[in-house]
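Colleague: model this:
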Amino acid sequence: MDRLKIAVLFGGCSDEYFISIKSAQEIARNINIEKYEPVYVGINREGQWKICEQPEVNWEKGRCIPAIISPDRSFHGLLALEDGRYKSIEIDVVFPVLHGKMGEDGAIQGLLELSGIPYIGCDIQSSVLGMDKSLTNIMAKDSGVRVPEFWVVNLDEEFGSLELKYPVFVKPARSGSSFGVSKVYNGEQLSSAVENARQYDTKVLIEEAISGYEVGCAVMGSGKELVVGEVDQIEVSHGFFRIHQEKNPEKGSDNSTIKVPADISEKDRRCVQETAKRIYNTLGCKGLARVDMFLQEDGRVVLNEVNTMPGCTSYSRYPRMMAAAGLTMSELIDNIVELALKG
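Modeller: Numbering: from 1, shown residues only. Model prediction:
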């Protein structure tokens, strides 16, 4: 039986370029090559696509072949430029392991929809909604999920007259991995925090700081057929949760410990999982996503954010939550490939 040919896209034009490489490396370590034939396609910071041998930090220094995905639906595959001529490489499934802008915001999903090639993860609409934290909040609130009080500040928009109850969080509305996020304790800190967030996005979100544990839930599937991982819990030693910005990231976050499964009651665990599933379906997610929330002392669950292509690194939360529920990384890949092929 022929192996399924999977194009693994990694890198990209976002601030999460190196995180994407690490995610792709973990997939390369765990993909079952008896079932699948991976084709690794790196996208460099300038947006150039190249087939390479392996996903690694210096992937462009090895043998690379320029390639593009064909948008022509009559041919499902890549067009690779070699020795001055284009050759076609058929592809069965695309795994866009791209985080942040141009990866989780619907852009790459739009290209893949044009191509007609089955792909892993959320579609255009759910990617757009999940990437924009203000839209996520609006959708979740309309479905009955508690969300923080929030304000949107667009480019050149004044925000000095906002009546805020400090502390608040200031964050880029469409970014990930805590890049550009600040916790603000008074009005004097607000302006610099907004400017910091604007380095990553022209649309800035100011959110009420929610008390309680930070918890997360990995969700996989679509519609009523959802699988959830064990709930995790973040214990922060100082500041607020940051990941992927550490001096030694392979050991995890510098200021936080992630506990899987979370040290919470069975009732709270089920409440977190059910809330995650409701948010996932409200946004129309499919394939996989990680839903981050707060669990308050009175048992109420408040949305934090949704990651429609969560990190898959060796220390990332999504695979660890699924592993705690009994699903290995190889099995996880099998499942999301099958979901992509189902459409």
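
Colleague: what about the strands in the stretch 151-300 of the chain?
Modeller: Assigned by DSSP state E, counting those that start in this stretch, the strands in the stretch 151-300 of the chain fall at 168-172, 182-184, 204-208, 213-222, 225-228, 232-236, 256-259, 287-295.

Colleague: ok, Y213 - contacts?
Modeller: Taking CB atoms under 8 Å, 6 or more residues apart in numbering, we find Y213 in contact with Q233, I234, A262, I264, F294, L295. In short, each C-beta sits where N, CA and C put it, glycine included.

Colleague: which of those sits closest to E274?
Modeller: Of all those, E274 sits closest to L295, with 12.6 Å by CB to CB.

Colleague: so what does I264 look like in phi/psi?
Modeller: Note on I264: its backbone torsions stand at phi -140, psi 170 [degrees, to the nearest 10].

Colleague: what number of residues lie near it?
Modeller: By other CB atoms under 10 Å, 18 other residues sit near I264.

Colleague: so it makes contact with Q296?
Modeller: No: counting by CB atoms under 8 Å, Q296 is not a contact partner of I264; they are 11.4 Å apart.

Colleague: comparing the strands of the stretch 151-300 of the chain by mean pLDDT, which bottoms out?
Modeller: Note on the strands of the stretch 151-300 of the chain: strand 256-259 shows the lowest mean pLDDT, a mean of 89.

Colleague: flag every buried residue along that one.
Modeller: Neighbour counts using 16 or more other CB atoms under 10 Å place S256, I258 of strand 256-259 among the buried residues.

Colleague: output it as CSV, restricted to C-alpha atoms.
Modeller: Only the C-alpha atoms of strand 256-259 are listed here, as CSV (Å, rounded to 0.1, in the frame of the first residue of the first chain):
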residue,chain,number,x,y,z
SER,A,256,5.8,28.9,35.3
THR,A,257,5.2,25.2,36.0
ILE,A,258,2.6,23.3,33.9
LYS,A,259,0.9,20.6,35.7
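
Colleague: please identify the pairing partners of it and their relative orientation?
Modeller: Sheet pairing of strand 256-259 (DSSP bridges) gives strand 232-236 (antiparallel).

Colleague: the partner strand vs strand 287-295, what angle?
Modeller: 50 degrees (axes from the mean of the first three to the mean of the last three CA atoms, to 10 degrees).

Colleague: not counting strand 232-236 itself, show me its contacts.
Modeller: The contact list for strand 232-236 (CB under 8 Å, 6+ apart) reads 213-217, 241, 255-264, 295, 317, 320-321, 324.

Colleague: can you select the buried ones among those for me in PyMOL?
Modeller: Selecting just the buried residues from the contacts of strand 232-236 in PyMOL takes one command, with 16+ other CB under 10 Å as the test:
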select buried, resi 213+214+215+216+217+241+255+256+258+260+262+264+295+317+320+321+324
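
Colleague: what sits closest to Y17 if chain neighbours are left out?
Modeller: Ranked by CB to CB, 6 or more residues apart in numbering and with sequence neighbours excluded, the top spatial neighbour of Y17 is G11, at 5.6 Å.

Colleague: what's around that neighbour, how many residues?
Modeller: 28.

Colleague: residues contacting it?
Modeller: Residues in contact with G11, defined by CB under 8 Å, 6+ apart, are Y17, S20, I21, A24, G42, I43, N44, R45, W59, L98.

Colleague: next one, pLDDT for the fifth one please.
Modeller: According to the predicted model, the pLDDT of G42 comes to 98.

Colleague: try the first one
Modeller: What the model reports for Y17 is a pLDDT of 94.

Colleague: now do it against L98, distance only.
Modeller: According to CB to CB, to the nearest Å, Y17 and L98 sit 9 Å apart.

Colleague: those two: who's more crowded?
Modeller: L98 (28 against 19).

Colleague: the more buried one falls within a helix, correct?
Modeller: No: the assignment for L98 (DSSP: H, G, I helix; E, B strand; the rest coil) gives coil, which keeps it out of a helix.

Colleague: give me the neighbour count for the residue nearest to it when sequence neighbours are not counted.
Modeller: Nearest non-adjacent residue to L98, counting by CB to CB, 6+ apart: G12, 4.4 Å away. Using other CB under 10 Å, G12 is surrounded by 27 other residues.

Colleague: cool, S88 as well?
Modeller: Each residue near S88 was counted by other CB under 10 Å, and the total is 12.

Colleague: what sits opposite it in the beta ladder?
Modeller: With DSSP bridges as the criterion, S88 is bridged to L79.

Colleague: give me the pLDDT for it.
Modeller: According to the model, S88 scores 97 on pLDDT.

Colleague: for F179, same thing?
Modeller: 86.

Colleague: got a ChimeraX select line for the buried ones in the contacts of G11?
Modeller: This is how ChimeraX selects the buried members of the contacts of G11, with burial counted by 16+ other CB under 10 Å:
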select :17,20,21,24,42,43,59,98
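
Colleague: how about E34: what's its closest non-neighbour residue?
Modeller: R3 (7.4 Å).
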